[in-house]
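>>> missing the sequence, but the structure's below:
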C-alpha cells in the first residue's frame, strides 16, 4: 500500500503490512455496506415492525402470544378490554388464568402433550370456547391458535373474538323458533314447509296426531313419498303453481290407513331476495265435518225429507238433462206422473203418522220397479214422478207402469195396521221435438187424470 510507505518505517514485516491493509479495507467497505444495504434494510424492518404493531394495537380481535410453557408473553389492547385486565397483569402469567374449569386444569397437560406428540385439538382449528374475565364472569369466544417458531423457540398466537352478541342472537333465534314451533304444534291444522325440490323441511306435530307421522318421518322426504302416489298426482297441479310463485287454495280428499280426510289447502310461495321461489308453506285444515254438513244441507235442499227421494228442484234439473240427452242422442225417454188413490181418506181416517209411513213404503216399492239409471222423485203430498231414459220403445214404459200398478196391490204392512192401496199413473213419451219440460209435465198430468177417470188402479199413455 502506498500510504504505508509514508507512515511505516522501513523494514516493517510483510504480515504487519497485510493486517493493516485488511483493517483499512474492512473499514472502508463497512461504510459502503451500511449505506447501501444495511441502513435501508434496517429502515424497512423497522417500518414492518411498526406496521405489525399498529395492526395488533388497532385489531378488534384479541391477540395473545404465549410460549411453549403456556406463559403469556404479550396481549393487545382488544384482549385487555375483552378480559378486563391490564397488560402487566397478564404478561408472565399462565394462559389458564383466562380459562374457566375444566379447561384451566387441562391446559398445561394438553400443551405438553402437543409439544411431545403433535396431537392438536385446538391449534390450527377454529373453536368456540368459554373464557374467563378478571371478575370471574364467563364469556363465549371463538379462537384460532397458530404456532410459530422464533430463534428455535415455539410460540403460539391466539386470535380471539368475543361472540357474546352472536350467541345472544342465536339464543334469541332459538327461542323464537321454539315459540313458533309451539304455536305451529298448537294449531288444529297441518303446517309444513317444502323446498323447491318438493322436500319437506318442516312439519308440525299435527301430522303425527292425524296420520301417525312424526317430524323425523317427514323431514327430508318428498311430497310424493309422504302423500302417496294417488294423493300426490291430485295435488301436483297446485304444487307446480306454488313453485311458479302463485298462492294456491284447493280442496282435496286425503286417505290415510283407510280413513278419509277432506282438507282445505293453502300453498304460499316463499320468495327469495333474488325474486326466485325457494319453496312454499303449506297450511291444511280438516274440513271433513264442514263438508259433511255441507253435503247434508245440499242433500236436504235437493231431497224430500220424508222419503229421501229427489225433490221438485232436483227432479226438474234432471228432467231437463234427460230431455237434452234424449234429443241429442235421438233416444226415447218417458215421464210418469202418479199418486196414491184416495190418499186423503187414509190421512183422515188413520192419521198423518200412518199416511207418512205409507208414503215411505210406497216410494220404496216404486224404486224396486225401476232401473238404477232412472229417477224417482216426490213432488209433494202423495204425488210422485219417474223419469225413464234410454228406452227402446214405448212398450218399455208401459211394462214398467204395469209393474208398478201390480206391485202396489200387495198389502202394505205398517206399524199400526196393514193397508191395501192402488195407484194411477199418467205416462208421457219424449224423443225430441219442440216440447219442453213443462209441456212434458202437462202431458203426463193429463194422462194421470185420464187414468183416474177410467176407474183408477191403472195407467194411461198420453197421445
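Sure thing, it's come through. It should be emphasised that the depicted structure is a prediction, and the values quoted were computed from it without experimental measurement.
>>> ok, and the helix or strand in this protein with the lowest average confidence?
One helix or strand of the chain scores below all others by mean pLDDT, DSSP states H and E: helix 2-7, with a mean of 47.
>>> Show me where the stretch 51-200 of the chain has its helices.
Taking DSSP state H, counting those that start in this stretch to define them, one finds helices in the stretch 51-200 of the chain at 77-83, 87-90, 103-117, 164-186.
>>> Just say which of those is most tucked in.
Neighbour counts (mean count of other CB atoms under 10 Å) averaged over each of those peak at helix 77-83, with a mean of 19. (Glycine included, C-beta is placed from N, CA and C.)
>>> How much space separates residue 329 from residue 433?
14 Å (CB to CB, to the nearest Å).
>>> same question, residue 332
Counting by CB to CB - residue 332 and residue 433 are separated by 12 Å.
>>> again, but for residue 377
23 Å.
>>> These two: which is more packed in?
The residue with more neighbours, out of residue 377 and residue 433, is residue 377; 25 against 10, by other CB atoms under 10 Å.
>>> give the contact list for the closest residue in space to residue 243 that isn't next to it in sequence.
Nearest non-adjacent residue to residue 243, counting by CB to CB, 6 or more residues apart in numbering: residue 277, 5.6 Å away. By CB atoms under 8 Å, 6 or more residues apart in numbering, the contact set of residue 277 is 196, 242, 243, 244, 245, 269, 270, 271.
>>> give me that answer again for 7 Å
Taking CB atoms under 7 Å, 6 or more residues apart in numbering, we find residue 277 in contact with 196, 243, 245, 269, 270, 271.
>>> What residues are bridge-paired with it?
Assessed by DSSP bridges, residue 277 has beta-bridge partners residue 271.
>>> per-residue pLDDT, it?
Residue 277 carries a pLDDT value of 95.
>>> Ok, the one 4 residues further on next?
Residue 281 is assigned a pLDDT of 96 by the prediction.
>>> C-terminal to the helix or strand hosting it, what's the next element?
Mapping residue 281 onto the secondary structure by DSSP states H and E places it in strand 277-286. Remark: after strand 277-286, the chain's next helix or strand is helix 288-302, criterion DSSP H and E.
>>> Report the buried residues of that following helix.
Neighbour counts over helix 288-302 (16 or more other CB atoms under 10 Å) mark 291, 302 as buried.
>>> where do the strands sit along the stretch 201-350 of the chain?
Using DSSP state E, counting those that start in this stretch, the strands found in the stretch 201-350 of the chain span residues 248-256, 259-271, 277-286, 332-340.
>>> Could you pull out the buried residues of the third one?
Right, the one you point to is strand 277-286. Buried, per 16+ other CB under 10 Å, within strand 277-286: 277, 279, 280, 281, 282, 283, 284, 285, 286.
>>> Quick check: the farthest pair among these?
277 and 286 (27.2 Å; CB to CB).
>>> Dump the helices of the stretch 51-200 of the chain to a markdown table, plus mean pLDDT and distance to residue 155.
Compiled in a markdown table, these are given as follows (pLDDT from 0 to 100; distance: least, CB to CB, whole Å):
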| stretch | mean pLDDT | distance to residue 155 |
| --- | --- | --- |
| helix 77-83 | 92 | 16 |
| helix 87-90 | 92 | 15 |
| helix 103-117 | 86 | 12 |
| helix 164-186 | 83 | 28 |
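>>> would you list the ones you listed in TSV and tack on distance to residue 217?
Below are the helices of the stretch 51-200 of the chain laid out as TSV (distance: least, CB to CB, whole Å):
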stretch	distance to residue 217
helix 77-83	46
helix 87-90	54
helix 103-117	40
helix 164-186	16
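>>> so which of those helices comes closest to residue 443?
Comparing those under CB to CB, the one sitting nearest is helix 164-186, at 63.8 Å.
>>> ok, and the most crowded of the contacts of residue 277?
Within the contacts of residue 277, residue 243 tops the neighbour count with 21 neighbours, counted by other CB under 10 Å.
>>> Test my guess that that one contacts residue 196.
Yes - between residue 243 and residue 196 there is a contact under CB atoms under 7 Å: 6.4 Å.
>>> quick one: residue 460 is in a strand?
Yes - under DSSP: H, G, I helix; E, B strand; the rest coil, residue 460 sits within a strand.
>>> What is the neighbour count of residue 376?
20.
>>> ugh, typo on my part, it should be residue 418
Residue neighbour count, defined by other CB under 10 Å, stands at 8 for residue 418.
>>> Pull the contacting residues for it.
Taking CB under 7 Å, 6+ apart as the contact definition, residue 418 lies against 411, 412.
>>> Read off the pLDDT value for it.
pLDDT, residue 418: 94.
>>> for the one 4 residues further on, same thing?
We have a pLDDT of 97 for residue 422.
>>> Would you report the backbone torsion angles of it?
phi -130, psi 170 (degrees, to the nearest 10).
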